[in-house]
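Undergrad: would you be able to build a 3D model of this:
(4 chains)
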There are 2 protein chains.
Amino acid sequence: MTSTGSQRATLHDVARAAGVSVSTVSKVMNGRRDVGPEVRQRVTDTIDQLGYRPNAMARGLRTRRSDSIALISDDLEGIFTSSLMRGVENAAFRAHVSVILCNSYGQRSLEEMHLKRLVDKRVDGLIFVSGNRVGARAEPAAELPEDLPRLFLYEYSTDPAATSILPDDAGGAGLAVAHLVGSGYERIAFLNGPEQWEATADRLAGFRSALQSHGRHADDRLIAHSDSWSPEEAYTITSSLIARESFDAIFCASDELAMGAVAALRDAGLDVPTDVGVVGFDDRAFAAHQRPPLSTVALPLVEMGEMAGSMLLNAIEGIPLRSGTFRVPCSLRVRASSARPGELP
Amino acid sequence: MTSTGSQRATLHDVARAAGVSVSTVSKVMNGRRDVGPEVRQRVTDTIDQLGYRPNAMARGLRTRRSDSIALISDDLEGIFTSSLMRGVENAAFRAHVSVILCNSYGQRSLEEMHLKRLVDKRVDGLIFVSGNRVGARAEPAAELPEDLPRLFLYEYSTDPAATSILPDDAGGAGLAVAHLVGSGYERIAFLNGPEQWEATADRLAGFRSALQSHGRHADDRLIAHSDSWSPEEAYTITSSLIARESFDAIFCASDELAMGAVAALRDAGLDVPTDVGVVGFDDRAFAAHQRPPLSTVALPLVEMGEMAGSMLLNAIEGIPLRSGTFRVPCSLRVRASSARPGELP
DNA sequence: ACAGGTTACGAAATCGTTCCCGTTCGGGCA
DNA sequence: TGCCCGAACGGGAACGATTTCGTAACCTGT
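TA: As a prediction, the model looks like this:
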């Protein structure tokens, strides 16, 4: 039952009502062994009789902890941001920590204002998330307390002392190659994305090494790259690739590129997946609704967020944050675009 | 310059360093008129000499305010959620208030746990956001302090005392109709969405009344509705509509439906926009990249979020929250799919 | 010179916890 | 019996701000 009074009950109120001291109630609340069973019972009874709930600000003032972390995003509306956020929120929720959301629009000045306020609020940790924005970043800002744990989520940092969490792009490309090889495709082309994205180099490397580990050599003539992520450019490039080379599968560094590639193949009279198998990357929402439904490498966004959250929370508990980049494995979503008929069991 | 000490400076430190009392420093920080110019100067000097920043928890303990609001979402990854969030964050940032993010997954129990913690944290207000989820909701939960301001963002509430913010769906439909009529289209069809969505009734009503206000009558045979938002179903329905009726424009209650409609028209040998003009709804990211680029009614998501934020913040400042539903006007994005050749100036 | 009114500043209570100690009490043990 | 020790509980000082109120000092007009 809730309290009858208009004001919320405090520790003092509970103490008086239970006929004990404030310290004792506090001990009960924090589960200390320092209090006898019958007193403990009486206190817990009056606690939920008065509907007592601790005041987090008073507690935080004393303990110098706010039980909250901040998520600072360059772009709240970025396509990957919300899933990353969900992961972080999950981890934080489990640990009874709340997440403060900040949008910096990629502007240093806004970020600094946010950081100032966050420090004032005594947040226990910081996560910087960009969601694969192009371009690295240096240390976020000065003025941050030395011991305030922080890490980078889907964001490349030049600082070797920083901790950052990234998808295993190379491994993801490997999954795609393994799948295509296993499905019986012989000559696999690769349509990569713009070079200024950090991920593209990794995906290319993963593509190459996976081919080699399957006993094939990567034919450079089958490797193309687009200067943008647009399906239109992918269409153009794929069309000329079709005219120039022969291949029976194409792995694209994004689902958008794959869309363009599929369109080009269709317009060239080639059937997907019978003539050419196609695998994309990212597992965007539309991938499943393409025709044919697009096989793709799914980014472990929620897992990355959860990992970031729990690593940060561990750091807050005292386990030091290991620096370096942590790669979270991607997974493969096999759909019709890479399902060669007759290859199914 | 920042402080040399390892610990952050407190009000007390500043007071001692400036040779004044704690109260005086506090007054300077809060811009009270109660302090003389030369003392004020000395205090401000030592403040930024020591790099003093107020402790938000101590302040909040005293003032009973946390300068933070909570955003409780049913679905963080919902297609509209991130833009709504951005709007809220904008408004909050301007007011020096931070936003706590909560994901309830639409589960009552999780929501209640969040609310408990938020009340403990003494958040100053609550925004419940669903992003056009189907189905209304009653009062969020008991146990919330009476005077804690709250409102519903893109969420329908059955409670007449509640405050909710919604897009002006009817008006948006009106914009589409006015545009199509103004572009010279004669017989305008309407492809509506599933009936259990609250918005669909409004969009239909807006469609009807707009037609009437342009001196046309809504032909019921030209009004169809799909049981899902899928382009596939839209394709089917549009195809049969083409076979059954004649029309030279079709307004669709979502961009996905419009995608299906465009595909059906094309497969029927009809050109968009020459033979049939198409206008969608929502202004999803892909709308601009369709061929032809899709005209659509844009939802005022960021504005809705900003409105929610500033209304809530006003409520926190004491201006009472007016109950009822507030409709934020949509806007029209005219693109090629509704540009009849020869109608341009 | 004196009543009355500003102005500028400080003392101290308060917000609601946590946590370090101190005290009391009862029992085990030589 | 005397001594020591652990268990159980309370006192009270922080934590770092805000805010009320008190009080000097100074002005102002007659």
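
Undergrad: how about the helices in chain A?
TA: Ranges of helices within chain A are A:11-18, A:22-29, A:37-50, A:56-63, A:81-94, A:108-120, A:169-182, A:198-213, A:231-244, A:255-267, A:301-316, based on DSSP state H.

Undergrad: ok, which of the ones you listed comes nearest residue B:127?
TA: helix A:81-94 (15.6 Å; CB to CB). All C-beta atoms are positioned from the backbone trio N, CA, C, and that covers glycine.

Undergrad: which residues touch the closest residue to residue A:339 other than its chain neighbours?
TA: Distance criterion CB to CB, 6 or more residues apart in numbering or on different chains; nearest residue to residue A:339, sequence neighbours excluded, is residue A:273 at 5.4 Å. Residues counted as contacts of residue A:273 (CB atoms under 8 Å, 6 or more residues apart in numbering or on different chains) are A:292, A:336-341.

Undergrad: out of these, which end up buried?
TA: Neighbour counting with 16 or more other CB atoms under 10 Å in any protein chain shown marks A:336-340 as buried within those.

Undergrad: which of the residues you listed scores worst on pLDDT?
TA: Least confident by pLDDT among those: that is residue A:340, with 82.

Undergrad: ok, now how distant is residue A:286 from residue A:93?
TA: Distance check for residue A:286 against residue A:93: by CB to CB, to the nearest Å, it reads 29 Å.

Undergrad: what's the answer for residue A:165, then?
TA: Counting by CB to CB - residue A:165 and residue A:93 are separated by 19 Å.

Undergrad: and residue A:147, its phi and psi?
TA: Residue A:147 adopts backbone torsions of phi -90, psi 10, taken as degrees, to the nearest 10.

Undergrad: state the pLDDT value of it.
TA: 89.

Undergrad: need the residues of the stretch 151-300 of chain A near chain B, please.
TA: A:230-231, A:286, A:289 (CB under 8 Å from any CB of the partner chain).

Undergrad: just flag the most distant two among those residues.
TA: Of all pairs in these, the most separated under CB to CB is A:230 and A:289 at 18.9 Å.

Undergrad: low pLDDT regions in the stretch 51-200 of chain A?
TA: A:133-142 (pLDDT under 70).

Undergrad: near DNA strand C, which residues of it are found?
TA: The stretch 51-200 of chain A comes close to DNA strand C at residues A:52-55, A:58-59, A:61-63, as judged by CB under 7 Å from any atom of the strand.

Undergrad: pretty sure residue A:327 is one of the things residue A:164 touches, is it not?
TA: No - contact criterion CB atoms under 8 Å: residue A:164 and residue A:327 do not qualify, at 9.8 Å.

Undergrad: and for residue A:167, the neighbour number?
TA: As a burial measure, residue A:167 scores 26 neighbours (other CB atoms under 10 Å in any protein chain shown).

Undergrad: skip the chain neighbours and tell me the closest residue to it.
TA: Nearest residue to residue A:167, sequence neighbours excluded (CB to CB, 6+ apart): residue A:299, at 5.0 Å.

Undergrad: quick one: the one you found from residue A:166, how far?
TA: 10 Å.

Undergrad: of these two, who's got more company?
TA: When residue A:299 and residue A:166 are compared for neighbours, residue A:299 comes out ahead with 27 against 20, by other CB under 10 Å.

Undergrad: separation between the more buried one and DNA strand C?
TA: Separation of residue A:299 from DNA strand C (CB to the nearest atom of the strand, to the nearest Å): 40 Å.

Undergrad: hmm, residue A:51 is touching residue A:9, no?
TA: Yes - the pair residue A:51 and residue A:9 qualifies as a contact (CB under 8 Å) at a distance of 6.5 Å.

Undergrad: out of the two, which sits in the busier spot?
TA: A count of neighbours by other CB under 10 Å puts residue A:9 above the other of residue A:51 and residue A:9, at 19 against 14.

Undergrad: could you check how far the more buried one is from DNA strand D?
TA: For residue A:9, the distance to DNA strand D - CB to the nearest atom of the strand - is 17 Å.

Undergrad: now do that residue, the pLDDT please.
TA: For residue A:9, the predicted pLDDT is 93.

Undergrad: for residue A:216, same thing?
TA: Per the predicted model, pLDDT is 90 at residue A:216.

Undergrad: contacting residues for it?
TA: A:181, A:188.

Undergrad: grab the nearest non-local neighbour of the residue of the stretch 101-250 of chain A found nearest DNA strand D.
TA: Closest residue of the stretch 101-250 of chain A to DNA strand D, CB to the nearest atom of the strand: residue A:120 (8.2 Å). In space, and not counting its chain neighbours, residue A:120 is closest to residue B:56: 4.6 Å by CB to CB, 6+ apart.

Undergrad: and the one you found, how many neighbours does it have?
TA: The burial count for residue B:56: 24, using other CB under 10 Å.

Undergrad: with residue A:10 instead?
TA: 17.

Undergrad: residue A:267 now?
TA: Count around residue A:267 with other CB under 10 Å applied: 12.

Undergrad: next one: the one 3 residues further on
TA: The criterion is other CB under 10 Å. On that basis, residue A:270 has 14 neighbouring residues.

Undergrad: in contact with it, which residues?
TA: For residue A:270, the contact set (CB under 8 Å, 6+ apart) comprises A:242, A:276.

Undergrad: quick one: the spatially closest residue to residue A:226 that is not a sequence neighbour from residue A:273, how far?
TA: In this structure, residue A:226 finds its nearest non-sequential neighbour in residue A:233, 4.7 Å apart by CB to CB, 6+ apart. Noted for residue A:233: a distance of 23 Å to residue A:273, by CB to CB.

Undergrad: also residue A:80?
TA: 27 Å.

Undergrad: pretty sure the residue of the stretch 101-250 of chain A closest to DNA strand D is touching residue B:51, no?
TA: No - Residue A:120 lies out of contact with residue B:51 (CB under 8 Å); the separation is 12.0 Å.

Undergrad: residue A:292 reaches residue A:340, doesn't it?
TA: No - counting by CB under 8 Å, residue A:292 does not reach residue A:340; the two are 11.9 Å apart.

Undergrad: what's near enough to touch residue A:172?
TA: Applying CB under 8 Å, 6+ apart, one finds that residue A:172 lies in contact with A:203, A:206, A:281, A:297, A:299, A:329-330.

Undergrad: make a PyMOL selection of the buried ones in the residues you listed.
TA: Remark: buried members of these, expressed as a PyMOL selection using 16+ other CB under 10 Å:
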select buried, chain A and resi 203+206+281+297+299+330
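
Undergrad: between the contacts of residue A:172, which is closest to residue B:85?
TA: The nearest member of the contacts of residue A:172 to residue B:85, counting by CB to CB, is residue A:299 at 20.8 Å.

Undergrad: what's the pLDDT at the residue nearest to residue A:339?
TA: For residue A:273, pLDDT reads 92.

Undergrad: angles on the backbone of it, please.
TA: phi -100, psi 0.

Undergrad: what about it, distance to residue A:179?
TA: 12 Å.

Undergrad: please state the offset of stretch A:86-93 from the chain centre?
TA: 10 Å (CA atoms, centre = their mean, to the nearest Å).

Undergrad: dump that stretch to CSV, keeping only the CA atoms.
TA: The C-alpha coordinates for stretch A:86-93 follow below in CSV (Å, rounded to 0.1, in the frame of the first residue of the first chain):
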residue,chain,number,x,y,z
ARG,A,86,18.9,-1.0,-27.0
GLY,A,87,21.8,-3.2,-26.1
VAL,A,88,23.3,-0.7,-23.8
GLU,A,89,20.0,0.0,-22.1
ASN,A,90,19.5,-3.8,-21.6
ALA,A,91,22.8,-4.2,-19.8
ALA,A,92,22.3,-1.1,-17.8
PHE,A,93,18.8,-2.0,-16.8
